[in-house]
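*Asks:* output the structure for:
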Amino acid sequence: MLPFLYKYILPIAFLLVFISEHSLSQDTSKINLLPKDSVIVAKDSAVVKDTAAVKIDTASIDYRFKVAIQTGFDGKYSKSIAMCKRILKEKPDYHEVRLFMGRAYAWDHQWENAKKEISKVIEKEPKNVDAYNAITDVGLWSLIPEMALEKANKGLTIDSVNQDLMLKKAKALEQLGDIDGAIVTLEKLLKINPENLEAQEMLARLKQLTIKNYIGVYYTLEAFSRYYEPRHLVSVEFKHTFNYATTLIARTNFGNRFGRKGLQYELDLYRNLRKGMYVYANIGYSPSIIFPLFSNGAELYKALKRGFDCSVGYRYMLFKSPYNTLRLTILTGSLGKYHNTYWFGFKPYLTFSSKGFAQYYMLMARKYLEDTYNHLTLSIAYGASPYNTSQNLQFDRLYNLKTQRIGLAYQKTFDKIYVLLAGVSLERQELNFQKGDYIASVIFDLGFRVRF
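*Replies:* Below you'll find the model as predicted:
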């Protein structure tokens, strides 16, 4: 009996124990390899990993969205838009992603694509205030204030105290020229939140626009290093603004130079055509030979994308003296760039007459201080100035004399209604009777305005 036990039964028992332990070890290792929060569901012999897979996918999309946002903020708009598109392909109803993609399109000045994407969100969520905020921005940035005002008003029917929409509504009204309406909107906003700094600053700026008149007095002294007596010029002007769009300035200039005295009368017109575009026109007359007998000019100014601006225009001057008559046609323009609180500009003057052709170029750099009414401007100029009539009455030779000039000008407001202007320039001019020889001059400017 014992030989049979040892020979057959015990080996079989040991074999069964070994198989059992090996099978249990394999099952345990499979269980331990699964995440702790996984759920295993058996259906039709299939195993589905549920919760863990969903969590990993959502986390991945949110992370990629954060990367897309930062990419857009870094100015890489096309790349950011492509990343948003990939996310929306996986999750089409992720509205925050679509709204950000719409803003990225707008930053890249793709206005129609921006409106299209944001409108999709509004169609699916008609009460999404963030979507109305975004599409209002598109209207403001693309200079379509009618659309911006419409969308802001619709958003405010959903959330009547939304400060962002109220501020944007005020900006749209300003673009439309409704300054009074913008002021009313800002005052409502500040009743809700008196600490809103942007609304405070905008309201203060717009209230300055409601001051429609000023009187200004200016004095210029030019002193020369040799040959010539100092030149004096006094100007008095009155400005009136009509309906925030049209401004007229009437000016009288009194000059004392070349041993002669005389008066000149001028009228300036500024007309806002739309947001970011206005036209300037001037006409002048003088019975005195120390000024042009007749002058006129016009220039169109336009704000461009990415902080640039430009202008194109002309000036015309008719000089008459006992010696001769001279007609000057001057083509001019400008190109400027805003960068933070600075503005940099370039302005040429190309002068044509029967006597020949002359060129004059000016570079400018302006630093804005507290606001746009307070600034410091540096200017450098070179060439043959069409305005260089400071030596004598031989106008046919003066316009093509070479000039180099550097100047510094300062403007400061006090109590919102008083404006002080001061400047100093150094100039080197070629002598009209001895070409190649130069004299130096220093020019002092002082002015004062009262707004009412």
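*Asks:* all helices for the stretch 51-200 of the chain, in order.
*Replies:* Secondary structure of the stretch 51-200 of the chain (DSSP state H, counting those that start in this stretch): helices at 51-73, 77-90, 95-107, 111-124, 129-141, 145-158, 163-175, 179-192, 197-209.
*Asks:* check the stretch 251-400 of the chain too.
*Replies:* With DSSP H, counting those that start in this stretch as the criterion, the stretch 251-400 of the chain has helices at 395-398.
*Asks:* one step back: can you redo the helices of the stretch 51-200 of the chain as JSON lines with mean pLDDT, mean neighbour count and distance to residue 427?
*Replies:* (C-beta placed from N, C-alpha, C; glycine too.) Putting those into JSON lines (pLDDT from 0 to 100; neighbours: other CB atoms under 10 Å; distance: least, CB to CB, whole Å) gives the following:
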{"stretch": "helix 51-73", "mean pLDDT": "74", "mean neighbour count": "14", "distance to residue 427": "47"}
{"stretch": "helix 77-90", "mean pLDDT": "94", "mean neighbour count": "17", "distance to residue 427": "47"}
{"stretch": "helix 95-107", "mean pLDDT": "95", "mean neighbour count": "22", "distance to residue 427": "44"}
{"stretch": "helix 111-124", "mean pLDDT": "94", "mean neighbour count": "18", "distance to residue 427": "47"}
{"stretch": "helix 129-141", "mean pLDDT": "95", "mean neighbour count": "22", "distance to residue 427": "43"}
{"stretch": "helix 145-158", "mean pLDDT": "95", "mean neighbour count": "19", "distance to residue 427": "44"}
{"stretch": "helix 163-175", "mean pLDDT": "94", "mean neighbour count": "23", "distance to residue 427": "40"}
{"stretch": "helix 179-192", "mean pLDDT": "94", "mean neighbour count": "17", "distance to residue 427": "40"}
{"stretch": "helix 197-209", "mean pLDDT": "89", "mean neighbour count": "15", "distance to residue 427": "34"}
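*Asks:* okay if I get those as JSON lines plus distance to residue 415?
*Replies:* Output for the helices of the stretch 51-200 of the chain, formatted as JSON lines (distance: least, CB to CB, whole Å):
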{"stretch": "helix 51-73", "distance to residue 415": "40"}
{"stretch": "helix 77-90", "distance to residue 415": "44"}
{"stretch": "helix 95-107", "distance to residue 415": "39"}
{"stretch": "helix 111-124", "distance to residue 415": "41"}
{"stretch": "helix 129-141", "distance to residue 415": "31"}
{"stretch": "helix 145-158", "distance to residue 415": "32"}
{"stretch": "helix 163-175", "distance to residue 415": "24"}
{"stretch": "helix 179-192", "distance to residue 415": "19"}
{"stretch": "helix 197-209", "distance to residue 415": "11"}
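*Asks:* ok, residues contacting whichever strand or helix holds residue 238?
*Replies:* Here residue 238 sits within strand 231-242, counting by DSSP states H and E. Contacts to strand 231-242, defined as CB atoms under 8 Å, 6 or more residues apart in numbering, come from residues 209, 212-222, 247-257, 390.
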